[in-house]
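>>> curious how this folds, go ahead:
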Amino acid sequence: MRLPASSRLLLPLLCAAGLSMAAGLAQAADTVNLMLNWTPTADHSPLYFARAKGWYKEAGIDLNIEAGKGSALSAQRVGVGGANIGIADLPTAMQAVGKGADLKAVMVIYANSPQGFYWLKSSGIQGPKDFAGRKIGNPPGDAARLMWPAFAKKNGIDAGGVNFVNVSPPAKVGALKSKSVDIISDFYNEHDLKVREFGEDLGFVSWRSVGVNVYGNSLVVNGAFLKSKPEVVRKFMAVTQRAYGACVKDFNPCLEALTASVSGLSPDNQRDQWERIKQLMRDETTTKVALGAFDAARVKADYELVRELIGIEKAFDPAALTTNEYLDKGVRMAP
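The predicted structure is shown next:
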């Protein structure tokens with residue numbers, strides 16, 4: 001049937017309007033590229049949980065998550081705009097900013113340092129004083145390797161008196177078991193796995209127990225991205241902080257989302273990890289101010305420690321590195 005002339009004239013306009021609306025809807029979601037510090041495990045589960053629940057999508061965000069290879073790489077990548085947001089150890093982020101990286105930390109995940117050293121007591125090592133001449137296994141970009149001078153000085157050890165051996169995160173336990181290395185560095189998250197593997201022969205020291213309790217993994221945002229799309233960052237942070245709070249209350253759905261997206265993870269191991277992670281997330285500031293909040297005095301103290309014991313290429317005001325502006329003060333860690 002032939003349409004009236006008026007309808008024939010109107011039809012292209014309607015089609016154009018429809019296409020315009022469709023294009024608008026397609027452009028509504030902002031793509032956010034996030035780089036992790038390492039391969040995904042329990043501490044990243046809130047991100048996968050929120051994505052699986054559609055929370056980011058509801059906020060108009062299309063979230064891409066990329067596995068990382070150490071805090072140094074993620075801080076560098078975010079600092080040059082290769083990723084919009086990333087997870088990096090705060091002292092490592094400080095060093096990156098000193099080298100010109102453009103980034104800002106908007107939420108701390110580990111309010112307490114997760115770093116620790118593990119060894120076998122049967123090797124003759126009783127504590128840090130016995131590390132001299134030993135081989136420490138960890139990846140090149142590992143925050144523990146970058147922060148080693150601070151740990152060494154706090155414990156009266158010659159920073160150059162140990163040998164670092166490149167060992168990937170999944171190979172650390174095997175390297176210690178085979179005695180190809182004498183010591184491994186690892187996050188406290190994995191403590192239970194090592195206790196089961198080595199039993200009474202396991203030696204351990206946490207960095208926080210010997211006076212190196214710097215802020216750990218934090219969410220860092222590229223400075224240019226933050227300036228150009230502050231509302232996207234605000235929406236991303238609202239979802240992310242909410243997700244971490246939800247996983248603290250009930251980890252089961254977060255574990256399901258993580259294992260559905262990442263193969264090869266042991267659910268029991270991830271549950272153990274999350275119990276340790278909750279301890280690391282909790283301090284006076286995260287319980288009284290907001291989950292993920294920084295304390296300005298602690299940030300300054302961390303900066304001074306890094307500057308004095310490791311070095312910062314170009315000094316900057318540490319107060320400019322972190323902000324609590326994007327956190328909901330109503331979301332807090334339980335005491």
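>>> in space, what's closest to Phe151 - neighbours in sequence excluded?
In space, and not counting its chain neighbours, Phe151 is closest to Val212: 5.4 Å by C-beta to C-beta, 6 or more residues apart in numbering. In this view, the C-beta of every residue, glycine as well, is placed from N, C-alpha and C.
>>> phi, psi of the one you found?
Main-chain dihedrals, Val212, degrees, to the nearest 10: phi -120, psi 60.
>>> for it, give me its contacts.
For Val212, the contact set (C-beta atoms under 8 Å, 6 or more residues apart in numbering) comprises Ser113, Gln115, Met147, Ala150, Phe151, Lys154, Leu305.
>>> surely Ala319 touches Val299?
Yes - with contact defined as C-beta atoms under 8 Å, Ala319 reaches Val299; the gap is 7.3 Å.
>>> which one of those two has more residues nearby?
Val299 (20 against 11; other C-beta atoms under 10 Å).
>>> list the contacts for that one?
Leu90, Tyr215, Pro318, Ala319, Leu321, Thr322.
>>> the third one - how many residues pack around it?
Going back to what we said before, that points to Pro318. Look at Pro318: counted by other C-beta under 10 Å, it has 21 neighbours.
>>> could you do Lys99 as well?
By other C-beta under 10 Å, 12 other residues sit near Lys99.
>>> cool, and Gly174?
By other C-beta under 10 Å, the residues close to Gly174 number 15.
>>> follow-up on the earlier one: taking the contacts of Val212 one by one, which sit in helices?
Taking DSSP state H as the definition of helices, the contacts of Val212 contribute Met147, Ala150, Phe151, Lys154, Leu305.
>>> now Asp62. Its backbone dihedrals?
phi -100, psi 100.
>>> ranges for the strands of the chain?
Along the chain, counting by DSSP state E, strands occupy 30-35, 61-66, 85-89, 103-108, 115-120, 135-138, 163-166, 183-187, 202-206, 217-222.
>>> may I see these arranged in JSON lines, with mean pLDDT as well?
What follows is the strands of the chain, written out as JSON lines (pLDDT from 0 to 100):
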{"stretch": "strand 30-35", "mean pLDDT": "99"}
{"stretch": "strand 61-66", "mean pLDDT": "98"}
{"stretch": "strand 85-89", "mean pLDDT": "97"}
{"stretch": "strand 103-108", "mean pLDDT": "99"}
{"stretch": "strand 115-120", "mean pLDDT": "97"}
{"stretch": "strand 135-138", "mean pLDDT": "97"}
{"stretch": "strand 163-166", "mean pLDDT": "98"}
{"stretch": "strand 183-187", "mean pLDDT": "96"}
{"stretch": "strand 202-206", "mean pLDDT": "98"}
{"stretch": "strand 217-222", "mean pLDDT": "99"}
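>>> for Glu313, which non-adjacent residue is closest in space?
Nearest non-adjacent residue to Glu313 (C-beta to C-beta, 6+ apart): Gly98, at 4.3 Å.
>>> from Tyr56, how far out is the residue nearest to Phe151?
According to C-beta to C-beta, to the nearest Å, Val212 and Tyr56 sit 35 Å apart.
>>> and the closest residue to Ala72 other than its chain neighbours, its phi and psi?
Among residues not flanking Ala72 along the chain, Gly141 sits closest, at 4.3 Å (C-beta to C-beta, 6+ apart). Gly141 adopts backbone torsions of phi -90, psi 10, taken as degrees, to the nearest 10.
>>> state the pLDDT value of Gly141.
In this model, Gly141 is scored at 76, pLDDT.
>>> sweet, I'm off.
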